[in-house]
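Colleague: next one to model:
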Amino acid sequence: MTVLEAYAYVTNALNKLSSNSGQNIPKDVFVRFFNSVQYQWVEDRVKLNELNKIRIDEIQQLVTTVEIQSPTKKDQYYEFNLPTNYNHYIRSYSDLKGCGISNWLVKEGDINVLLNDEFWKPSKEWGETICTIGNEKIRVYYDDFTISKLNLVYYRYPVEINMADGFPDVNGNPTVDVDPEFRGSSLIEILNLTVQALSGNIDDVNRYNVYSQNVQSHT
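Modeller: Next up, the predicted model:
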C-alpha cells in the first residue's frame, strides 16, 4: 500500500465515522499521527514479543545487525555510539581481534556490584562480559582483554512515512512521498489506530485547517 492509498484509507474511514469529518485532514497532520501511532504500535509489539514469541514475525523486518568499530576506551569499559535508528536491544558480541565474547545487558545501577561478582564480571576465559546502554551509547566492560569492535543486533525504528504537500518541512526541504514499510494486517491495524487517534482530535484538526487557510490567504 502506498502512502497515498494509506491516506485515502484513513480519510474514508473518518468520513464514515462522522459525515465529512475526514475529508479535510491535512497531509502533514495525517503523517504526524500515523508516525506517532506506528511508533507506539512497534513499542507494544516489542514488549509483547518478550512474552509471546508467536507475534515476533510482525516486527522481524525491524531486526538489524551492524558492526560498530572505533570505540572509546575508558577506565573500565569501551564505549560505542549506537546507530541513529536504534530502538531496542536484542543481543551483542564483542570482538577481541579474532575471537568473540557475549555481552549481557544489565542495569547501570548494578554495575559496581556485578563487576565484583565472580559469576558476572568480565571474563575472556568464560567468553562473557556485561554491558549497559544509555545516552545513545553502549558501554562494554572489560578486564584483561582488548575489544576491537562490537557486533550489535537490535530493533530499529520503523521508517517514517511522509507526503508531498507543496510545503517545506522543518528543515526547509520539500516533502516527498514515503510509503509505509509495514504490509498486510499489520498496516491495517496501524491505519485503524490512526483513524481512532484522529477521530478523537477532529476539533483540533478543524482548527488547524482554519489556521492554515488564514495563513495562506495572507501570504
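Colleague: tell me where this structure has strands.
Modeller: Under the criterion DSSP state E, the chain contains strands at 63-68, 72-73, 77-81, 86-95, 100-105, 128-134, 137-141, 149-156.
Colleague: mind listing the strands the shortest one pairs with, and their directions?
Modeller: With DSSP bridges as the criterion, the sheet partners recorded for strand 72-73 are strand 77-81 (antiparallel).
Colleague: what does the strand it pairs with contact?
Modeller: 68, 71-73, 94, 131, 136-142, 147, 150, 152 (C-beta atoms under 8 Å, 6 or more residues apart in numbering). Placement of C-beta: from N, CA and C, glycine included.
Colleague: wait, doesn't residue 115 sit right on residue 141?
Modeller: Yes - with contact defined as C-beta atoms under 8 Å, residue 115 reaches residue 141; the gap is 6.6 Å.
Colleague: now do the shared contacts for those two.
Modeller: Taking C-beta under 8 Å, 6+ apart as the contact rule, the neighbours common to residue 115 and residue 141 are 76, 121-122, 130.
Colleague: list buried residues within these.
Modeller: For these, a burial check counting by 16 or more other C-beta atoms under 10 Å picks out 122, 130.
Colleague: which of the shared contacts of residue 115 and residue 141 fall within helices?
Modeller: In helices, judged by DSSP state H, none of the shared contacts of residue 115 and residue 141 are found.
Colleague: just the closest of the shared contacts of residue 115 and residue 141 to residue 99, please.
Modeller: Lowest distance from residue 99 to the shared contacts of residue 115 and residue 141 (C-beta to C-beta) belongs to residue 122, with 13.9 Å.
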